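>>> The following block contains a protein sequence and its predicted model.
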Amino acid sequence: MKMTEDRPQFSADPVQDRARHALLVKLAANTRNPVMAELARELLAGNVTPRRVVESQLYASALEKPVDDFAAWYSGLPESEKDAEAAKGENALRDLADEQVDESRKPRTSRRQFEDDEYIEDFSERDWLDE
């Protein structure tokens, strides 16, 4: 796991990294399972790596049941449903990639601070025909 800017990178693929980060943010806000929320916060802060979590027993109690439940659910699916679930995942990643492309196309504005501490937005790089 590398650090990029001020946050850990969970995948070299930016779409998968974004999906994993979004999932961890959601888990970090989980009030029903404080141990999983703590785990997500530690991962997001870069205090622990996913490999370290799996290798250690630190969060084993929090991970064991969900992993077992998932394995039981998935192993009980017929092949056609496994394929359908895989397609759902691929579609979700494709949607995230499309969102990322859309975000990169949005015109960016910047704010400049002038001597009197007043901020004025700079729209000079914005292409008004794209909207």
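Perfect, I can see it now. Computed from a predicted model, the values in this text were never measured in an experiment. Residues are numbered from 1 along each chain as shown.
>>> so residue 25 makes contact with residue 37?
No - look at residue 25 against residue 37 with Cβ atoms under 8 Å: they stay out of range, at 10.6 Å. Yep, even glycine has a C-beta here, placed from its N, CA and C like the rest.
>>> which of these two has more neighbours?
Ranked by neighbour count (other Cβ atoms under 10 Å), residue 25 and residue 37 place residue 37 first, with 18 against 12.
>>> What are the contacting residues of the helix or strand harbouring the more buried one?
Taking DSSP states H and E as the definition, residue 37 sits inside helix 34-45. With Cβ atoms under 8 Å, 6 or more residues apart in numbering as the test, helix 34-45 has contacts from 7-8, 10, 21, 24-31, 48-50, 53, 59, 61-63.
>>> any idea how far the residue most central in space within the chain is from residue 59?
Nearest to the geometric centre of the chain sits residue 21, at 2.1 Å (Cα atoms, centre = their mean). Note on residue 21: its distance to residue 59, by Cβ to Cβ, to the nearest Å, is 18 Å.
>>> likewise residue 19?
Using Cβ to Cβ, residue 19 is found at 21 Å from residue 59.
>>> List the contacts of residue 30.
Residues near residue 30 by Cβ under 8 Å, 6+ apart: 36-37, 40.
>>> again, 7 Å this time
Contacts for residue 30 (Cβ atoms under 7 Å, 6 or more residues apart in numbering) come out as 36-37.
>>> That one belongs to a helix?
No - Residue 30 is assigned coil when assessed by DSSP: H, G, I helix; E, B strand; the rest coil, not a helix.
>>> Number the residues from 52 up from this point.
That works, and once the first residue is 52, the last one we named lands at residue 81.
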